[in-house]
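Asker: Here is my input, please return the structure:
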Amino acid sequence: MNRDTIVDRFIQHKAQERKINTLGYLQQIQGYKLTSQDLKRNIKKYDQRLFRQISQKYSTQQSESTSQAKFSQQKKVLQQAYRNFLKSDAFTIDVYRNFQEMSEDLRHILQTQSRKICRYKMFLSDFSPYDYYFISSTHTEPMILGGFCFACIQDQSLYIKVLCTHKGQGSRLLQYIKGYAPFLNVSQIELVCLPDVLHFYEKEGFVYSKKDKKMIYPIEPWRSTSRRL
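Answerer: Numbering: from 1, shown residues only. Okay, the predicted model is just below:
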């Protein structure tokens with residue numbers, strides 16, 4: 001790998017861990033020094049619009065800041081660029097029927113990055129006992145995990161066991177699942193959630209069932225629109 005690839009992978013790792021603020025000016029990364037140019041390159045990667053804004057700002061304003069001060073300023077911009085990126089449409093959602101069906105790279109990314117997204121680590125001890133895996137990720141190199149959902153079919157329902165995403169990707173993943181569910185011949189989507197995310201699921205059309213103590217989303221049966229000639 002060349003210098004930029006090594007440095008960019010390190011910056012991405014810090015971004016995923018929400019530790020961009022720990023990056024240091026001229027920090028050594030496998031023998032290479034981290035500079036403000038590295039941060040600018042990654043700002044452009046994650047948010048080109050923000051990159052153009054800061055480029056225009058720096059070109060029209062003569063700054064007397066030291067290189068280290070510029071580095072600190074660009075760390076803040078990089079944090080915002082990465083947050084914007086996680087809310088973007090750069091992520092693709094794929095469905096798998098079992099864990100082994102995924103590529104080796106995706107299994108590795110899921111095993112390593114999922115714990116940085118999901119606060120309920122107890123659900124990530126075993127990836128195998130589910131019927132459907134909905135995975136949101138980039139198709140870039142290196143791959144970035146946007147979120148994931150593990151679900152099972154239970155009593156004509158698609159039961160969501162685990163749903164964890166970066167902020168901004170949860171709604172996109174749920175919309176995809178709601179569109180996919182009619183093809184599974186289920187009557188509803190079910191899940192159990194904590195009170196602090198109850199409002200999120202209500203906005204997505206889920207209704208709390210006091211009888212079942214679950215959030216329910218009814219599914220319209222899929223009907224073919226084709227006509228016989």
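Asker: Packing partners of the helix-or-strand element of the chain with minimal mean pLDDT?
Answerer: Every helix and strand of the chain was ranked by mean pLDDT, DSSP states H and E. The lowest is helix 48-60, at a mean of 79. Under the contact criterion of 3 or more C-beta pairs under 8 Å, 6 or more residues apart in numbering; DSSP states H and E, helix 48-60 touches helix 36-46, helix 67-86. (C-beta placed from N, C-alpha, C; glycine too.)
Asker: a strand runs through Ile189, doesn't it?
Answerer: Yes - under DSSP: H, G, I helix; E, B strand; the rest coil, Ile189 sits within a strand.
Asker: Would you confirm that it contacts Ser157?
Answerer: Yes - counting by C-beta atoms under 8 Å, Ser157 is a contact partner of Ile189 at 6.9 Å.
Asker: Between the two, which is the more surrounded one?
Answerer: Ile189 (25 against 22; other C-beta atoms under 10 Å).
Asker: Next up, the contacts around the more buried one.
Answerer: If you count contacts by C-beta atoms under 8 Å, 6 or more residues apart in numbering, Ile189 has them with Ser157, Leu158, Tyr159, Ile160, Ile177, Lys178, Ala181, Phe206, Ile216, Tyr217, Ile219.
Asker: Roughly how far does the third one sit from Gln27?
Answerer: Using C-beta to C-beta, to the nearest Å, one obtains 46 Å as the distance from Tyr159 to Gln27.
Asker: next one: the fourth one
Answerer: According to C-beta to C-beta, Ile160 and Gln27 sit 41 Å apart.
Asker: Pick out whichever of the two has more residues nearby.
Answerer: The residue with more neighbours, out of Ile160 and Gln27, is Ile160; 24 against 15, by other C-beta under 10 Å.
Asker: which residues touch the closest residue to that one other than its chain neighbours?
Answerer: Nearest-residue entry for Ile160: Leu191, 4.0 Å, with adjacent residues in sequence omitted and distances by C-beta to C-beta, 6 or more residues apart in numbering. Leu191 makes contact with Tyr159, Ile160, Leu163, Tyr201, Phe206, Lys214, Met215 under the criterion C-beta under 8 Å, 6+ apart.
Asker: helix/strand/coil for the first one?
Answerer: Per three-state DSSP, the secondary structure class of Tyr159 is strand.
Asker: Then the one 4 residues further on?
Answerer: Three states are possible here, and by three-state DSSP the one that applies to Leu163 is strand.
Asker: Quick check: closest non-adjacent residue to it.
Answerer: Cys149 (4.5 Å).
Asker: picking up where we left off before, among the helices and strands packed on helix 48-60, which is nearest Asp131?
Answerer: helix 67-86 (27.5 Å; C-beta to C-beta).
Asker: thinking again about what came up before, make a PyMOL selection of the buried ones in the contacts of Leu191.
Answerer: Applying 16 or more other C-beta atoms under 10 Å to these leaves a buried subset, and the PyMOL line that selects it is:
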select buried, resi 159+160+163+201+206+214+215
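Asker: would you turn the contacts of Leu191 into a markdown table with distance to His139 and pLDDT?
Answerer: Converted to a markdown table, the contacts of Leu191 look like this (distance: C-beta to C-beta, whole Å; pLDDT from 0 to 100):
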| residue | distance to His139 | pLDDT |
| --- | --- | --- |
| Tyr159 | 29 | 97 |
| Ile160 | 24 | 95 |
| Leu163 | 21 | 92 |
| Tyr201 | 28 | 95 |
| Phe206 | 30 | 97 |
| Lys214 | 34 | 94 |
| Met215 | 31 | 95 |
